[in-house]
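# Got a sequence here, can you model it:
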Amino acid sequence: MNKELTGRAQRFIDELAHCVDIGLQAYKVDHNGATTLILPFNEALVGNTDTRIMHGGAITTLMDTASGTSVICTLEDFEICPTLDLRIDYLKSAEPDKPIYGFAECYRVSRNVVFTRGTAYQDDMNDPVAHCVGTFMRLGTEFTPEYFRTRVLEGKR
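Okay, here's the model as predicted:
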């Protein structure tokens, strides 16, 4: 685990109000930028009160954010990279009353686009709730606001 990158990941998440609202947390980031986030079980995110299973939209947010966070932790220079495309295949329902982990990694970085893949799981990554693939547009450092860069990279407000 890379503490510096995990801190960067958490600061990035903390800049995204919807991620703060649902309680997303950086769990770990390795030296290659592979990122794992945790979505704690939250009663407000239950999609069906009879089953107590978290809504698929919360899992989509988890996987989009895990993928985007892996992008900003992989690139040498920090830049905003909005989601171009995200495909999620839901494989099974998550178990109720348990957190969901979102793992994502960049498998290709080009001049204009970054490609990611990931897995949502609970107890075992080999027993996934969902898989995803995503593409993120590189805007370049010149289009990343300085205040955003300072907050995420240095933690300064």
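# contacts and neighbour counts: CA atoms only from here.
Noted.
# What is the end-to-end distance of stretch 122-131?
13 Å (C-alpha to C-alpha, to the nearest Å).
# In that stretch, which residues are buried?
Going by neighbour count (16 or more other C-alpha atoms under 10 Å), the buried part of stretch 122-131 is 122, 128-131.
# in the protein, which segments are predicted with low confidence?
Along the chain, the parts satisfying pLDDT under 70 run over 157.
# So the residue nearest the centre of it versus residue 28, what's the distance?
The central residue of the chain, meaning the one whose C-alpha is nearest the mean C-alpha position (C-alpha atoms, centre = their mean), is residue 66 at 1.4 Å. With distances taken as C-alpha to C-alpha, residue 66 is found 11 Å from residue 28.
# Now for the two: what residues contact both?
Common neighbours of residue 66 and residue 28 are listed as 35-37 (criterion: C-alpha atoms under 8 Å, 6 or more residues apart in numbering).
# returning to that earlier point: in helices, which of the buried residues of stretch 122-131 appear?
Using DSSP state H, no member of the buried residues of stretch 122-131 sits in helices.
# quick check, nearest of those residues to residue 84?
Minimum distance to residue 84 across the buried residues of stretch 122-131 is 17.1 Å, recorded for residue 131 (C-alpha to C-alpha).
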